[in-house]
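A.B. asks: Below are the sequence and a predicted model for it; my questions follow.
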Amino acid sequence: MIITATSVHCWNRQILNKVATAVQLRVSIYALRLSPPVFERMKGLAGSRLTDAGEILLTARRFRTQEANRTDARERLAELIREAHRLPEKRVKSRLNRVGKTARLEGKKIRGAVKAGRGKVSFD
């Protein structure tokens, strides 16, 4: 884990203050030694924060002090790891009963009849 301090830039490229309060946290995803399914979820959760070298890059600049930004970056990394360890919920296939199926098919027939009525009008 590498933590570096950088200066905060404003939207119009001005340096907000001369003190380096923003923090960049770099962690190698391979150094975390995650199991393969957790590793794949972590790659998906990291998204654009994952570099080509396999490092997760988190930038924290929410607070005015460097120490607060450092703890914020560590907490965000911990939350990312916790979320990767959480198993996704299995989707339960919906079951349609007989009444619901017949109602759906009736609706489709009515809709089809309405659409069949559309078209070119012939005056023959």
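C.D. replies: Thanks, I have the structure now.
A.B. asks: rest of the way, CA atoms for contacts and neighbours
C.D. replies: Will do.
A.B. asks: what's the pLDDT at the residue nearest the centre of the chain?
C.D. replies: Nearest to the geometric centre of the chain sits Leu45, at 5.5 Å (Cα atoms, centre = their mean). We note a pLDDT of 88 for Leu45 in this prediction.
A.B. asks: And it, how far from Val99?
C.D. replies: From Leu45 over to Val99 the distance is 42 Å, taken as Cα to Cα, to the nearest Å.
A.B. asks: What strands line up against the least confident helix or strand in the chain by mean pLDDT, and which way round?
C.D. replies: Least confident helix or strand of the chain, by mean pLDDT, DSSP states H and E, is strand 2-6 with a mean of 72. Paired with strand 2-6 in the same sheet, following DSSP bridges, are strand 22-28 (antiparallel).
A.B. asks: how about the helices in this structure?
C.D. replies: Listed in chain order, the helices of the chain (DSSP state H) span 36-46, 66-85, 98-117.
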